[in-house]
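1. Any chance you can model this:
(4 chains)
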Number of protein chains: 2
Amino acid sequence: MSAGMRHDDLRRRNRAMVIAAVRRAGQPSRTEIASATGLSHSTISAISADLISEGILAETKGSEHATARRGRPQVALSLNPKAGAVIVAVLSLSDLSAAIVDYSGVPVVEENRRLSTATISRDELVAELVAMLRRLTTGRSTGPLKPLRIVLAIQGISDAAARVMLWSPITPHRDIPFADMLEREFAIPTTVENDCNMMAVALRWRDPARYRDNFIAILLSHGIGMGLVLKGELFTGTRSSGGEFGHMIHQPSGALCRCGRRGCVEAYAGDYAIWRNAHRKSEYSTPEDGIGNADMVALAARARSGEGAEREAYRTAGTAIGYGLGSLFALIDPAPVAFVGGGAAAFDLLEPYIRTAIAQTAGGQHSDAISFDTVADELPLILQGCAMRALAFVDQEIFAVGLEALDAGKEVA
Amino acid sequence: MSAGMRHDDLRRRNRAMVIAAVRRAGQPSRTEIASATGLSHSTISAISADLISEGILAETKGSEHATARRGRPQVALSLNPKAGAVIVAVLSLSDLSAAIVDYSGVPVVEENRRLSTATISRDELVAELVAMLRRLTTGRSTGPLKPLRIVLAIQGISDAAARVMLWSPITPHRDIPFADMLEREFAIPTTVENDCNMMAVALRWRDPARYRDNFIAILLSHGIGMGLVLKGELFTGTRSSGGEFGHMIHQPSGALCRCGRRGCVEAYAGDYAIWRNAHRKSEYSTPEDGIGNADMVALAARARSGEGAEREAYRTAGTAIGYGLGSLFALIDPAPVAFVGGGAAAFDLLEPYIRTAIAQTAGGQHSDAISFDTVADELPLILQGCAMRALAFVDQEIFAVGLEALDAGKEVA
DNA sequence: AGACTTTTTTCGGGTCTCGAAAAAATACTG
DNA sequence: CAGTATTTTTTCGAGACCCGAAAAAAGTCT
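-> Just a heads-up that it's a prediction; the model follows:
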């Protein structure tokens, strides 16, 4: 059961509310914060004075964003970029990216390099990651920024506590406790998140009007991934990190999936599945590994040029996605969907079949109300999602607590 | 965004915590409540004194449940049954049941009658319901109990606000605003809930050890329904009341479902589907309506007696349920499942096929960890779930607020 | 009967939020 | 250009709440 509330929890919550209001609104005045949070002006005044003296917020002078009105002008508050920083990293098939982002959400340093994750050893994989983060943190451009949180996004499944990568398609190695490893190396609290979940987080920040309380982000690439936000919160499974949309069953005993089972949605709609069907290979043939983005672009072009096996392969893929979404919508009701990644570039080929399939399902009742959107490039989205997630942790778990409480904690410890 | 916390919100939350602790534990002492909630003894003392003086809690003397230990004996607190009451009603195919339950959760009056919901008019349906509740509330046995909440459970879909029955298999009529109707009639706040959701709520109370944070209740009867609890909370869709497990797609373009679409799980595992297959009718033939429980019992007996179309029908049903669960588990990870209703009586026929199918799916990775359980009789479960849901509302929204706050509210109004 | 143990209440202190009033900062007005 | 109006922000006193320590209560044990 949830715990009772102490008196200091109240202050912590309200500090978190104020910080969150500033992060969302950008440069709100105290009055705007008061009306956004429902707290009184005096409380906002007291809390923001604390936060400013602790260097978390800052008064932004001379911004004059509003037209000069009668009365005392509002003083805009903003996040102090130098209050801290977060480290984000994304490990995907054959690519490693990382960045340091300041407290206001602006990237300070970034690095990106190719890495054949599928073939290197477990130790090398970890060593490469640690080395890149080490380079970033020791670079002079970081300046006096203190990293307060690391978020690592990986294709695949992590445990519910977001500490261990349980399984990933990008490497044969399993159960790598990245969070423990990085915490030991850098002494910074760390979580390991699913890449598609981070995409969903980023979409929420990029377009809050469209992606507010309920929506779905689907990654179409070699495999199929999903990030799901329900009632404003990231949906995670009971044991692991996220919903494996790609491994819902489309056809019992159907096509061979990369996961070794049969009939998964991915076995029809993953890049390898489309490629396999377009080349008239058996549905039961072993999934190919080295299909590049260029191959898929060429394949899509051939499909657009006219009927044939290629077109048919996209039809099969769209149908599988559509029925999968139909089953998902039966469970959660329809919601806006964003298709992200290489496959989104061929969305024109998929969409009609997706819509036709959804219309055959219970979830398709309000079929026309279902809005689709595409985002071609997934990496920036994932990085941004990691940053927002890491910053949310800093906001709520570190800065909302307050310096006095921290000092008191130190004395006790 | 969630609102900031006022000072009195704190007290309200902590009052709710205390009430919840008593409801869960039955007869806890103040000390037990303190350790359960994490609040200090002085706070518990103050809050429970308030609650007792308001007639919500009572000291239970002479219970002596614990063996006489050294020291001052604990004073057991309990819910005062006369603090209030709730009204619950269940409308299912050809049956209407209702009850008044006192504040401690004990039914005071119950009534049950057959009603051919499928054929009567919309007005008659509402009139029958109102009449039954009217009889219950005016009966002398109710005594001075004041009903504070009505919860109505119906097979089918209600809106997210739980006020309107959008669609139900038990009646051709749609969009019946039961909550508004009953509130106008009785002036008691009302919600309309999905029957399977209420089953899940009840299971949580009946066996908290097994059904704690994550579990699934599946109703096997004419149709297939589901109630889902995730992270300790009832899962509801974004627009409607619950997950329609029965209308996930098992076979694209497959057997004809009662909902008019093809290939739903229900079209293979609902009573009508099993009956249809057992009688070697076409999968595309119109679902029969009047299949009684006796028919299904007889059918199950024939299936047990040896191979044949009946056995095969259960195999098909079990396979559909298994693949459906596999897809569901892919999304939410495996969780304990309770099968409820008439179909649960034939669970021995279904289980091997369910397990075989699940093992073919990604969700079946930990197939042996998935525990199944059966509850034959759904009606008592649904009634109990309604009662607990209604009482939870009274606890949190009425009694946790406190009399002073209520009085103040009245003055303002 | 007195010592001991455990539960519950009481009391004083500290912290938090709120409303009202004051102070601050600027635009408008004649 | 000085005074007034307006809006934002801060200050101040009051009230509510929770906590820890101490006291009171209500038994058992010796």
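2. any bit of stretch A:318-326 sitting next to chain B?
-> Yes - counting by CB under 8 Å from any CB of the partner chain, chain B has neighbours in stretch A:318-326: A:Thr319, A:Tyr323, A:Gly326. C-beta: built from backbone N, CA, C; applies to glycine.
3. Which residues of the stretch 1-150 of chain A lie near DNA strand D?
-> Residues of the stretch 1-150 of chain A lying close to DNA strand D (CB under 7 Å from any atom of the strand) are A:4-7, A:29-31, A:41-42, A:45-46, A:48-49, A:69-75.
4. and the residues you listed, which are buried?
-> The neighbour-count test (16 or more other CB atoms under 10 Å in any protein chain shown) marks A:Gly4, A:Met5, A:Ser29, A:Arg30, A:Ser48, A:Gln74 as buried among these.
5. which of those are close to chain B?
-> Under the cut-off given by CB under 8 Å from any CB, chain B has A:Gly4, A:Met5 from those close to it.
6. how about CSV for the residues of stretch A:318-326 next to chain B, with secondary structure and distance to A:Ala209 added?
-> As requested, the residues of stretch A:318-326 next to chain B are exported to CSV (DSSP: H, G, I helix; E, B strand; the rest coil; distance: CB to CB, whole Å):
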residue, secondary structure, distance to A:Ala209
A:Thr319, helix, 31
A:Tyr323, helix, 29
A:Gly326, helix, 26
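7. From those, list just the buried residues.
-> Of the residues of stretch A:318-326 next to chain B, these count as buried by 16+ other CB under 10 Å: A:Thr319, A:Tyr323, A:Gly326.
8. Could you find the closest non-adjacent residue to A:Leu51?
-> A:Leu57 (4.3 Å; CB to CB, 6 or more residues apart in numbering or on different chains).
9. Which parts of the stretch 251-400 of chain A are strands?
-> With strands called from DSSP state E, counting those that start in this stretch, the stretch 251-400 of chain A shows them at A:337-340, A:372-375.
10. check contacts around the residue nearest to A:Asp333 when sequence neighbours are not counted.
-> Leaving aside its sequence neighbours, A:Asp333 sits nearest to B:Gly237 (CB to CB, 6+ apart; 3.7 Å). Neighbouring residues of B:Gly237 by CB atoms under 8 Å, 6 or more residues apart in numbering or on different chains: A:Leu331, A:Ile332, A:Asp333, B:Ala160, B:Gly243.
11. A:His250 versus B:Gly237, what's the distance?
-> Note on B:Gly237: its distance to A:His250, by CB to CB, to the nearest Å, is 22 Å.
12. got it, and A:Val394?
-> Distance from A:Val394 to A:His250, by CB to CB: 41 Å.
13. These two: who's more crowded?
-> The residue with more neighbours, out of A:Val394 and A:His250, is A:His250; 30 against 21, by other CB atoms under 10 Å in any protein chain shown.
14. give me phi/psi at that one?
-> phi -90, psi -50 (degrees, to the nearest 10).
15. Same check on A:Met5?
-> According to degrees, to the nearest 10, A:Met5 has phi -100, psi 130.
16. avg pLDDT for the helix or strand hosting A:Leu148?
-> Element membership for A:Leu148 (DSSP states H and E) is strand A:147-154. Model confidence over strand A:147-154 averages 97 on the pLDDT scale.
17. hmm, the helix or strand following it touching chain B?
-> Moving toward the C-terminus from strand A:147-154, the next helix or strand (DSSP H and E) is strand A:157-158. No - remark: strand A:157-158 sits outside contact range of chain B, by CB under 8 Å from any CB, the gap being at least 9.6 Å.
18. Residues contacting strand A:157-158, please?
-> Contacts of strand A:157-158 (CB under 8 Å, 6+ apart): A:Val164, A:Met165, A:Leu166, A:Trp167, A:Ser168, A:Val192, A:Glu193, A:Asn194, A:Ser240, A:Ser241, A:Gly242, A:Glu244.
19. Repeat the analysis, applying 6 Å as the threshold.
-> Residues outside strand A:157-158 that contact it (CB atoms under 6 Å, 6 or more residues apart in numbering or on different chains): A:Met165, A:Leu166, A:Trp167, A:Val192, A:Ser240, A:Ser241.
20. For the helix or strand the second one falls within, name the packing helices and strands.
-> Under the assignment given by DSSP H and E, the secondary-structure element containing A:Leu166 is strand A:165-167. In terms of contact count using 3 or more CB pairs under 6 Å, 6 or more residues apart in numbering or on different chains; DSSP states H and E, strand A:165-167 is assigned the packing partners strand A:157-158.
21. how close does the residue sitting nearest the centre point of chain A get to chain B?
-> Nearest to the mean C-alpha position of chain A, by CA atoms, centre = their mean, lies A:Met198 at 0.7 Å. Using CB to the nearest CB, to the nearest Å, one obtains 18 Å as the distance from A:Met198 to chain B.
22. What residues does the residue lying closest to A:Gln384 once chain neighbours are set aside make contact with?
-> Using CB to CB, 6+ apart and skipping the chain neighbours, the partner closest in space to A:Gln384 is A:Ala202 (4.1 Å). By CB under 6 Å, 6+ apart, the contact set of A:Ala202 is A:Leu381, A:Gln384, A:Gly385.
23. In JSON lines, list these along with neighbour count.
-> Formatted as JSON lines, the contacts of A:Ala202 follow (neighbours: other CB atoms under 10 Å in any protein chain shown):
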{"residue": "A:Leu381", "neighbour count": "27"}
{"residue": "A:Gln384", "neighbour count": "22"}
{"residue": "A:Gly385", "neighbour count": "30"}
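24. In helices only, show me the residues you listed.
-> Within these, residues falling in helices by DSSP state H are A:Leu381, A:Gln384, A:Gly385.
25. so which of those are also by DNA strand D?
-> Checking these against DNA strand D (CB under 7 Å from any atom of the strand), there are no matches.
26. Including pLDDT, could these go into JSON lines?
-> Output for the ones in helices among the contacts of A:Ala202, formatted as JSON lines (pLDDT from 0 to 100):
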{"residue": "A:Leu381", "pLDDT": "97"}
{"residue": "A:Gln384", "pLDDT": "98"}
{"residue": "A:Gly385", "pLDDT": "98"}
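27. just curious, which of the residues you listed is nearest to A:Asp180?
-> Proximity of the ones in helices among the contacts of A:Ala202 to A:Asp180 (CB to CB) peaks at A:Gly385, which lies at 22.5 Å.
28. ok so, going back, please list only the buried members of the contacts of strand A:157-158.
-> When the contacts of strand A:157-158 are checked for burial by 16+ other CB under 10 Å, the buried set is A:Met165, A:Leu166, A:Trp167, A:Val192, A:Ser240, A:Ser241.
29. Assess the claim that the third one and A:Gln155 are in contact.
-> Read that as A:Trp167. No - using CB atoms under 6 Å, A:Trp167 is not in contact with A:Gln155; the gap is 10.0 Å.
30. intersection of neighbour lists for those two?
-> Joint contacts of A:Trp167 and A:Gln155 (CB under 6 Å, 6+ apart) do not exist.
31. which residue ranges form the helices in the stretch 201-350 of chain A?
-> Secondary structure of the stretch 201-350 of chain A (DSSP state H, counting those that start in this stretch): helices located at A:266-269, A:271-278, A:293-305, A:309-332, A:347-359.
32. looking at those, which is buried most?
-> helix A:266-269 (a mean of 30; mean count of other CB atoms under 10 Å in any protein chain shown).
33. could you give me the average pLDDT of the host helix or strand of A:Glu128?
-> Using DSSP H and E, A:Glu128 maps to helix A:122-138. For helix A:122-138, the mean per-residue pLDDT is 96.
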